[in-house]
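Enquirer: I would like the atomic coordinates for the input below:
(one chain, ligands or ions: 1)
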Amino acid sequence: MQLIDGKSLASKIQSQITQDVIKLKESKNITPGLAVILVGDDAASHSYVKMKAKACKDVGFYSIVHEMPSSISQEEIIATISMMNQNPRIDGILVQLPLPKHIDTTKIIEVIDPKKDVDGFHPYNVGRMMTGLESFVACTPLGVMKLFEEYNINLQGKDVCVVGASNIVGKPMANLLVNANATVTVTHIYTKDLASHTKNADIVIVGTGVQGLIKEDMVKEGAVVIDIGFNRLENGSIVGDVDFANVSKKCSYITPVPGGVGPMTIAMLLSNTFDAAQKRDI
Ligand code: GUN
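Expert: Next up, the predicted model:
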């Protein structure tokens, strides 16, 4: 079994971006800028945004976090996004999800200028990604694709089971895999017999937020297992959606949690923001 070390690859990518930021500043006098909009007091969202802001600072980006109370109106969020769309120092706009229930998430995402949609959530980018055109791609699935590339895990013709069908992770993940010529099964909470799908897969990719969902008897010998889960236990420790201690014994490759996919998500956000800055109209 080989561990897939996302922390190490993310750190390599961030070092490269740090160098590239210096060059971009020298050649075009551009400093990449990211605006994050954080609504409400969800503890996990606050902690993710803190990590994203720190990563921006570490690579030399300009970044701002707009914190808003959960009582904020949809119109006020839209007004802030419109302002960021117009702000020439801002290359990327990220609205941390989930949003409070009274806010229409789709409406909010559709207001973001697709050229600044570094999360790859705008329907314009989702559609382009689906058809294999150049686009911003959602950071977590993009990070998983980079891990496959780094570890020379070939996808062509492989049976891949994606567990979880969210707009942020499962659906874009499945699309990228189809574009890479894998045979993809997408499972979700209405799937009748999850194990019957995971057991037949060469690669299992799980992002559900259900701790310990994937057990040893649900994966075949030699499978590649990618764990996108990020669950905080009462004692404060972080675990994924895979029963790592037992499943890892059967795998050819597996991502740890923490230190697997999580750091790659942040590295891809930086990479997308850098790409947006490079294309800035000046
Ligand atoms: N909430 C959980 N994951 C993400 C993400 O990748 N981007 C945003 N904006 N919100 C999230």
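Enquirer: name the helices or strands packed onto the host helix or strand of Thr18?
Expert: In the assignment (DSSP states H and E), Thr18 maps to helix 6-28. Helix 6-28 is packed against helix 43-59, helix 139-150, helix 261-278, with contacts defined by 3 or more C-beta pairs under 8 Å, 6 or more residues apart in numbering; DSSP states H and E. C-beta coordinates here come from the backbone N, C-alpha and C atoms, glycine included.
Enquirer: Could you say which of these is packed most deeply?
Expert: Per-stretch averages of neighbours, counted by mean count of other C-beta atoms under 10 Å, single out helix 261-278 among these, with a mean of 24.
Enquirer: the inter-axis angle of that helix versus helix 6-28?
Expert: 10 degrees (axes from the mean of the first three to the mean of the last three C-alpha atoms, to 10 degrees).
Enquirer: can you state the direction angle for the helix holding Thr18 and helix 43-59?
Expert: Helix 6-28 and helix 43-59 meet at an angle of 50 degrees, taking the same axes, to 10 degrees as the criterion.
Enquirer: mind checking how far Ile17 is from Lys50?
Expert: Using C-beta to C-beta, to the nearest Å, we find Ile17 at a distance of 19 Å from Lys50.
Enquirer: In contact with Asp58, which residues?
Expert: With contacts taken as C-beta atoms under 8 Å, 6 or more residues apart in numbering, Asp58 has the following neighbours: Gln14, Thr18.
Enquirer: run the last query once more with 7 Å
Expert: By C-beta atoms under 7 Å, 6 or more residues apart in numbering, the contact list for Asp58 reads Gln14.
Enquirer: Next one: it, what pLDDT does it get?
Expert: According to the predicted model, the pLDDT of Asp58 comes to 98.
Enquirer: hmm, back to that, can you check what angle separates the helix holding Thr18 from helix 139-150?
Expert: Orientation note: helix 6-28 sits at an angle of 100 degrees relative to helix 139-150 (the same axes, to 10 degrees).
Enquirer: can you pull the buried residues of helix 6-28?
Expert: By neighbour count with 16 or more other C-beta atoms under 10 Å, helix 6-28 contains the buried residues Gly6, Leu9, Ala10, Ile13, Gln14, Ile17, Asp20, Val21, Leu24.
Enquirer: Please name the residues that touch Val95.
Expert: Val95 is in contact with Ile37, Ile108, Ile109, counting by C-beta under 7 Å, 6+ apart.
Enquirer: Just the element for Met84, please.
Expert: Secondary structure here is read from DSSP H and E; on that basis Met84 sits in helix 74-86.
Enquirer: Tell me where the model's unsure across the stretch 151-282 of the chain.
Expert: Low-confidence segments of the stretch 151-282 of the chain, defined by pLDDT under 70, span residues 282.
Enquirer: Show me what from it comes close to the ligand.
Expert: Listed as neighbours of the ligand in the stretch 151-282 of the chain under the rule C-beta under 6 Å from any ligand atom: Ile168, Thr265.
Enquirer: closest to Tyr190 among the buried residues of helix 6-28?
Expert: Proximity of the buried residues of helix 6-28 to Tyr190, judged by C-beta to C-beta, is greatest for Gly6, which lies at 29.8 Å.
Enquirer: Would you mind listing the buried residues in stretch 199-215?
Expert: Of the residues in stretch 199-215, those buried under the neighbour-count criterion (16+ other C-beta under 10 Å) are Ala201, Asp202, Ile203, Val204, Ile205, Val206, Gly207, Thr208, Gly209, Gln211, Leu213, Ile214.
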